[in-house]
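1. no sequence for this one, just the structure:
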Ligand code: SF4
């Protein structure tokens, strides 16, 4: 039987609701877990209060309160952002990395890993397309990683024949380890399912 669009929407909302409800642990709120999760995966251009506010679809004031509590508990440090001296960059501390090993959001990761690989791939593509439509309709930023971003360029080759990557948006070289980090300025590239959804 074909799944109706409404049943899919209800399932996605229910997944979010249950995951949110599991997010009261270790004395943190679901929003604080979301901030730690985001900031541990965000790239150097995106580890700010305003970027987290956009990612979490909340106001800058609310995001600021969330971050303030995490700084006070020693889970985040504020440093100056080199590309923008006016805004503070947020860095997760070793204590935060330790607590992230007990992230209640891992329940959803475990549920996803119970699916066979083919079902996971189909689900990932479908969810990415859903997200693309929602992001466009609600005028939100898509967020994503360099490997499927339109701004990623190969500028040459290193000594061992490895490609050198640059971000055309920021005009900065990227380390290979940064390519899988989440970015606020992500623009879906041609290989992205989000892009394919609108082509
Ligand atoms: S290539 Fe795209 S995702 Fe990567 S840093 Fe640049 S804008 Fe961000």
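-> Alright, I've got the coordinates. Just so you know, these numbers come straight off a predicted model, no measurement behind them.

2. going forward, measure contacts and count neighbours with C-alpha atoms only.
-> OK.

3. give me the domain ranges for this structure.
-> Domain segmentation of the chain under automatic domain parsing yields 5-106, 115-196.

4. which one of those domains lies nearest to the ligand?
-> The ligand lies closest, by C-alpha to the nearest ligand atom, to one member of those: domain 115-196, at 3.6 Å.

5. report whether that closest one contacts the ligand.
-> Yes: Domain 115-196 lies within reach of the ligand by C-alpha under 6 Å from any ligand atom, at 145, 146, 149, 151, 152, 167, 169, 183, 185, 186.

6. A strand includes residue 103, no?
-> No: counting by DSSP: H, G, I helix; E, B strand; the rest coil, one finds residue 103 to be coil, located in no strand.

7. out of the domains of the chain, point me to the one whose mean pLDDT is lowest.
-> Lowest mean pLDDT within the domains of the chain: domain 115-196, at a mean of 89.

8. ok, residue 17 - how many residues close by?
-> Other residues near residue 17 come to 12 when the count uses other C-alpha atoms under 10 Å.

9. kindly report the same for residue 112.
-> By other C-alpha under 10 Å, the residues close to residue 112 number 14.

10. how distant is the lengthiest helix in the chain from the center of its chain?
-> Identified as the longest helix of the chain according to DSSP state H is helix 117-137. Once both centres are worked out by C-alpha atoms, centre = their mean, to the nearest Å, helix 117-137 turns out to sit 15 Å from its chain's centre.

11. just checking, what packs against the helix or strand following it?
-> Later in the chain than helix 117-137, the nearest helix or strand by DSSP states H and E is strand 144-145. If you count contacts as 3 or more C-alpha pairs under 8 Å, 6 or more residues apart in numbering; DSSP states H and E, strand 144-145 packs onto strand 182-183.

12. before we move on, back to that, farthest-separated two in the residues of domain 115-196 next to the ligand?
-> 145 and 169 (13.4 Å; C-alpha to C-alpha).

13. which one of these two has more residues nearby?
-> Using other C-alpha under 10 Å, the more surrounded residue of residue 145 and residue 169 is residue 145, with 21 against 13.

14. show me what the residue nearest to the more buried one when sequence neighbours are not counted bridges to in the sheet.
-> In this structure, residue 145 finds its nearest non-sequential neighbour in residue 182, 4.9 Å apart by C-alpha to C-alpha, 6 or more residues apart in numbering. For residue 182, the beta-bridge partners are residue 42, residue 145 (DSSP bridges).

15. residue contacts, residue 182?
-> Residue 182 makes contacts with 38, 41, 42, 43, 46, 143, 144, 145, 146, as judged by C-alpha atoms under 8 Å, 6 or more residues apart in numbering.
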